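Asks: what follows is a predicted protein model with its sequence.
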Amino acid sequence: MGHTMPPTYPRPLVPMLRVEDADGSAGFYTELLGFTITEKLEEDGRLVWARLESGAAELMLTEQPGEVETSPGAGAILYVYVEDVEALHASLAEQGVTVGELRRTEYGITEFELVDPDGYELWFGQPAG
């Protein structure tokens, strides 16, 4: 067999989340977490797919009612680096979002977690500066 070069990936890995209600999920990510919808697909006036960005972070949502199988503590965790983790934590808590306690890890990150409307676990972290 010949020696082949491994593939290269020109863009960051972008998670695509199955969601029950694309409009509702997009609202959570835009209104509470500061993402912007940069591309979208609608069917009959309803959002069914969206790509969202904030800084270097990207995320896609695809509406697949009845196919969302998530539970906090199982499966993947989406880890998001933020510039001011304490301010984000306080802002979300003030808006009534259930957030975990801020904690300082032994490896020098301040972080907290939350669960989005579809049950995906998000952790937000900021390295100690």
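Replies: Received, thanks.
Asks: what are the contacting residues of the helix or strand harbouring Asp23?
Replies: Assigned by DSSP states H and E, Asp23 belongs to helix 22-27. Under the criterion C-beta atoms under 8 Å, 6 or more residues apart in numbering, residues 17, 19, 37, 46-50, 52, 61-63, 116-118 lie in contact with helix 22-27. To be clear about C-beta, it is placed using only N, CA and C from the backbone, and glycine gets the same treatment.
Asks: same check on stretch 106-116?
Replies: Taking C-beta under 8 Å, 6+ apart as the rule, stretch 106-116 contacts 17, 25, 28-29, 72, 77, 85-86, 89, 92, 97-105, 121-128.
Asks: buried sites along it?
Replies: Neighbour counts over stretch 106-116 (16 or more other C-beta atoms under 10 Å) mark Ile109, Thr110, Glu111, Phe112, Glu113, Leu114, Val115, Asp116 as buried.
Asks: coming back round to it: dump the helix holding Asp23 to PDB, keeping only the CA atoms.
Replies: Taking Å, rounded to 0.1, in the frame of the first residue of the first chain, the C-alpha atoms of helix 22-27 are listed here in PDB:
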ATOM      1  CA  ALA A  22     -34.800  25.800  15.800                       C
ATOM      2  CA  ASP A  23     -36.300  29.200  16.400                       C
ATOM      3  CA  GLY A  24     -36.400  28.600  20.200                       C
ATOM      4  CA  SER A  25     -32.800  27.200  20.300                       C
ATOM      5  CA  ALA A  26     -31.500  30.000  18.000                       C
ATOM      6  CA  GLY A  27     -33.100  32.500  20.400                       C
END
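Asks: show the subsequent helix or strand relative to it.
Replies: Next along from helix 22-27, by DSSP H and E: strand 36-43.
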